[in-house]
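K.L.:
okay, predicted coordinates and the sequence, questions at the end:
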Amino acid sequence: MPAFLLSDMSEKPARLAIRPQSSRQQIADYINHAFETSDIVEICEAIGAVTHLHNISDIAKKSGIARVSVYRAFADERHPNFKTVLSVLDAMGLRLQVRVRRGGRARPTRSKSGSYVQK
């Protein structure tokens, strides 16, 4: 178990800690852990915490988003739009990647003939 994993005595799973001296991999793990929860508030809190480890003016410039908007996008329990999330992650040198997970998927579409349609 990584050293930056903090144990929490509540029912919630252990939460990762992020520090200014965290490596890029630890930062990526921190955000990925939030995405694994599927909790939009936790995801935004994680991205917001990571933005504070970077120069906000640089993030704003590279993402094309006003500096104050970067602060606001991930503050409190706000839900930034997807373009903002992708732009901020990209400005910090991170990328969102989709992975296949087991179970819980929607059924494929069927054609009128009854066979499955690949889209």
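P.N.:
Cool, the structure landed.

K.L.:
from now on I want contacts and neighbour counts done on CA atoms only, so please keep to that.
P.N.:
OK.

K.L.:
let me see the mean pLDDT of stretch 95-104.
P.N.:
Mean pLDDT, computed over stretch 95-104, is 83.

K.L.:
whoops, I mixed them up, stretch 79-92
P.N.:
Mean predicted lDDT for stretch 79-92 stands at 95.

K.L.:
wait, residue 45 touches residue 73, no?
P.N.:
No - in this structure, residue 45 is not within contact of residue 73 by CA atoms under 8 Å, at 10.0 Å.

K.L.:
neighbours around residue 33, how many?
P.N.:
As a burial measure, residue 33 scores 17 neighbours (other CA atoms under 10 Å).

K.L.:
same deal with the one 10 residues further on?
P.N.:
Residue neighbour count, defined by other CA under 10 Å, stands at 22 for residue 43.

K.L.:
what residues are up against it?
P.N.:
By CA atoms under 8 Å, 6 or more residues apart in numbering, the residues touching residue 43 are 31, 34, 35.

K.L.:
any idea of the pLDDT on it?
P.N.:
Note on residue 43: pLDDT of 93.
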